[in-house]
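Student: output the structure for:
(one chain, ligands or ions: 1)
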Amino acid sequence: MGTTKKKSSSADKGSWTSRAVQRDIEPGSIVDCRHCGETVKFQAKVRLRQIICNVYEKGKWVRVEHFHAECYQTAGEPHGAADTTPVMKHRGRAVAASA
Ligand SMILES: [Zn+2]
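Tutor: Down below sits the predicted model:
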């Protein structure tokens, strides 16, 4: 039973690759958008999103890039489609007490 299926690894050789996630812009954000150069600024009135990209080159992390969500689309998603899965917050769900 030791037939472990090989993953179809074309470019991916188990190394890290650049990836992008979508997150809410947090108050106090002071990063500049890689695309338009403007600050990715938190605004209380509008719930803006930012794209945070961990950029890897040759399997090594090199930097983080920030984009306005819109700009990332405009830029043609340079680091692939952003993961829009919301971060699951552990709300300390009461564990069913085994009485
Ligand atoms: Zn921008």
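
Student: residue nearest the centroid of this protein?
Tutor: Among the residues of the chain, Val21 comes closest to the average C-alpha position under Cα atoms, centre = their mean, at 1.8 Å.

Student: and that one, what are its bridge partners?
Tutor: Val21 forms beta bridges with Ile52, Asp83, as assigned by DSSP bridges.

Student: that one contacts Ile51, correct?
Tutor: Yes: in this structure, Val21 is within contact of Ile51 by Cβ atoms under 8 Å, at 7.2 Å. Every C-beta, even on glycine, is put in place using the N, C-alpha and C of the backbone.

Student: what do the two both touch?
Tutor: Contact criterion Cβ atoms under 8 Å, 6 or more residues apart in numbering; residues shared by Val21 and Ile51: Ala82.

Student: now stretch 56-76 - C-alpha only, PDB.
Tutor: Output in PDB follows, covering the C-alpha atoms of stretch 56-76 (Å, rounded to 0.1, in the frame of the first residue of the first chain):
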ATOM      1  CA  TYR A  56       9.200  34.300  -3.200                       C
ATOM      2  CA  GLU A  57      12.000  34.000  -5.600                       C
ATOM      3  CA  LYS A  58      13.600  30.700  -6.200                       C
ATOM      4  CA  GLY A  59      11.900  29.300  -3.200                       C
ATOM      5  CA  LYS A  60      13.000  32.000  -0.900                       C
ATOM      6  CA  TRP A  61      10.900  34.700   0.600                       C
ATOM      7  CA  VAL A  62      12.100  38.100  -0.600                       C
ATOM      8  CA  ARG A  63       9.500  40.600   0.400                       C
ATOM      9  CA  VAL A  64       5.900  41.500   1.000                       C
ATOM     10  CA  GLU A  65       4.000  43.600  -1.400                       C
ATOM     11  CA  HIS A  66       0.800  45.400  -0.700                       C
ATOM     12  CA  PHE A  67      -1.900  46.400  -3.200                       C
ATOM     13  CA  HIS A  68      -5.300  48.000  -3.100                       C
ATOM     14  CA  ALA A  69      -7.700  45.200  -3.900                       C
ATOM     15  CA  GLU A  70      -8.700  47.100  -7.000                       C
ATOM     16  CA  CYS A  71      -5.100  47.800  -8.100                       C
ATOM     17  CA  TYR A  72      -4.300  44.100  -7.800                       C
ATOM     18  CA  GLN A  73      -6.900  43.300 -10.300                       C
ATOM     19  CA  THR A  74      -5.800  46.100 -12.500                       C
ATOM     20  CA  ALA A  75      -2.300  44.900 -12.300                       C
ATOM     21  CA  GLY A  76      -3.400  41.600 -13.600                       C
END
